[in-house]
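Engineer: Okay, here's the prediction I keep looking at, along with the sequence it came from:
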Amino acid sequence: MSYHEIRDQLVNAALVHVAFDGWTDATFDAAVQDAGLDANLARAICPRGGVDLALAFHARGDQLMLERLRAADLSPLRFRDRIALAVRLRLEVVDDKEAVRRGTTLFALPGYAADGARAIWGTCDLIWNELGDGSDDLNWYTKRGTLSAVYSSTVLFWLGDDSPDHHATWEFLDRRIDNVMQFEKLKSQARKNPLLKPFLAGPEWLASQIRRPRSHDDLPGSVRSD
């Protein structure tokens with residue numbers, strides 16, 4: 001079996017135990033035993049045990065989201081609605097809400113907060129890339145940062161939502177995106193205001209000097225291989 005096949009097998013086996021033990025080493029050890037895998041091989045694939053399984057579970061959701069997004073007809077949708085659809089699809093592919101709840105708890109811990117933030121950023125990066133974002137300056141960062149905030153707050157709302165078909169969550173998501181659009185409108189108006197232009201010239205020049213990362217290795221917290 002390939003690396004990804006073994007990791008998926010471990011994640012599948014772990015989901016039975018996550019509701020009781022969370023994304024812990026206890027869950028990891030039980031998953032290894034249930035999957036009938038060699039413990040050393042499993043540890044080589046997931047050196048941090050349950051933490052790496054939680055990240056693998058998140059990454060699998062990202063890929064399922066991309067598959068559904070690519071299969072959807074986006075042509076009649078406004079861009080803000082395409083963003084909303086992507087976030088909605090990301091949540092709809094989850095078939096185990098408790099596993100997400102346990103992951104949220106894990107990545108709220110100081111020792112794993114960076115892992116959680118990186119996973120959310122990665123989700124939002126995939127969404128923007130799939131929707132054709134071509135920004136190469138500060139906007140590359142602000143788009144992903146803003147969507148990360150929208151996505152994170154929506155996940156937290158969704159975890160506590162018991163409305164039919166999560167209707168309340170989709171309304172919450174729409175409101176958050178509307179808030180972002182209103183903010184972007186205010187920014188655009190400020191740039192056009194002749195009274196503000198002298199004050200914005202310096203910050204805008206500085207922002208224009210910022211470029212997107214050349215690769216994922218350039219992201220903060222990443223380890224360079226060279």
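Structural biologist: In hand now; what should we look at? Numbers count the residues shown, from 1 in each chain.
Engineer: Could I get the full set of helices for this structure?
Structural biologist: Along the chain, the segments classed as helices by DSSP state H run 3-21, 25-35, 39-45, 50-71, 79-92, 97-107, 113-130, 138-159, 167-192, 197-208.
Engineer: quick one, what contacts the closest residue to L106 other than its chain neighbours?
Structural biologist: Among residues not flanking L106 along the chain, W23 sits closest, at 5.0 Å (C-beta to C-beta, 6 or more residues apart in numbering). Glycine gets a C-beta too; all of them are placed from N, C-alpha and C. W23 is in contact with 14, 50-51, 53-54, 57, 99, 102-103, 106, counting by C-beta atoms under 8 Å, 6 or more residues apart in numbering.
Engineer: G50 contacts D29, correct?
Structural biologist: No. Using C-beta atoms under 8 Å as the test, G50 is too far from D29 to be in contact (9.0 Å).
Engineer: who's more crowded, those two?
Structural biologist: With neighbours defined as other C-beta atoms under 10 Å, G50 and D29 compare such that G50 has more, 24 against 18.
Engineer: Which residue is the nearest non-sequential neighbour of the more buried one?
Structural biologist: In space, G50 is closest to W23, 4.1 Å off (C-beta to C-beta, 6+ apart).
Engineer: Per-residue pLDDT of that neighbour, please?
Structural biologist: W23 carries a pLDDT score of 98 in this model.
Engineer: ok, it to L91 distance?
Structural biologist: Distance, W23 to L91, by C-beta to C-beta, to the nearest Å: 19 Å.
Engineer: What's the local residue count around N40?
Structural biologist: N40 has 9 neighbours, counted by other C-beta under 10 Å.
Engineer: Equivalent analysis for Q182, please.
Structural biologist: Count around Q182 with other C-beta under 10 Å applied: 10.
Engineer: By neighbours, which of the contacts of W23 wins?
Structural biologist: Highest neighbour count within these: A54, with 31 neighbours (other C-beta under 10 Å).
Engineer: Verify the contact between it and T105 for me.
Structural biologist: No. Contact criterion C-beta under 8 Å: A54 and T105 do not qualify, at 10.0 Å.
Engineer: so what's R82 up against?
Structural biologist: Residues near R82 by C-beta under 8 Å, 6+ apart: 74, 131.
Engineer: Now do it against A72, distance only.
Structural biologist: Distance from R82 to A72, counting by C-beta to C-beta: 9 Å.
Engineer: measure A42 to V180 for me?
Structural biologist: To V180, A42 is 41 Å away according to C-beta to C-beta.
Engineer: who's more crowded, the two?
Structural biologist: Per other C-beta under 10 Å, whichever of A42 and V180 has more neighbours is A42, with 24 against 16.
Engineer: Local confidence estimate at the more buried one?
Structural biologist: In this model, A42 is scored at 96, pLDDT.
Engineer: and if you look at M1?
Structural biologist: pLDDT, read off for M1, is 79.
Engineer: Now it. Nearest residue, chain neighbours left out?
Structural biologist: Leaving out its chain neighbours, the residue that sits closest to M1 by C-beta to C-beta, 6+ apart is Q9, at 7.4 Å.
Engineer: Show me which positions of stretch 116-128 end up buried.
Structural biologist: Buried residues in stretch 116-128, counted by 16 or more other C-beta atoms under 10 Å: 116, 118-128.
Engineer: Just the closest of the residues you listed to T146, please.
Structural biologist: For the buried residues of stretch 116-128, the residue nearest T146 by C-beta to C-beta is C124; the value is 8.6 Å.
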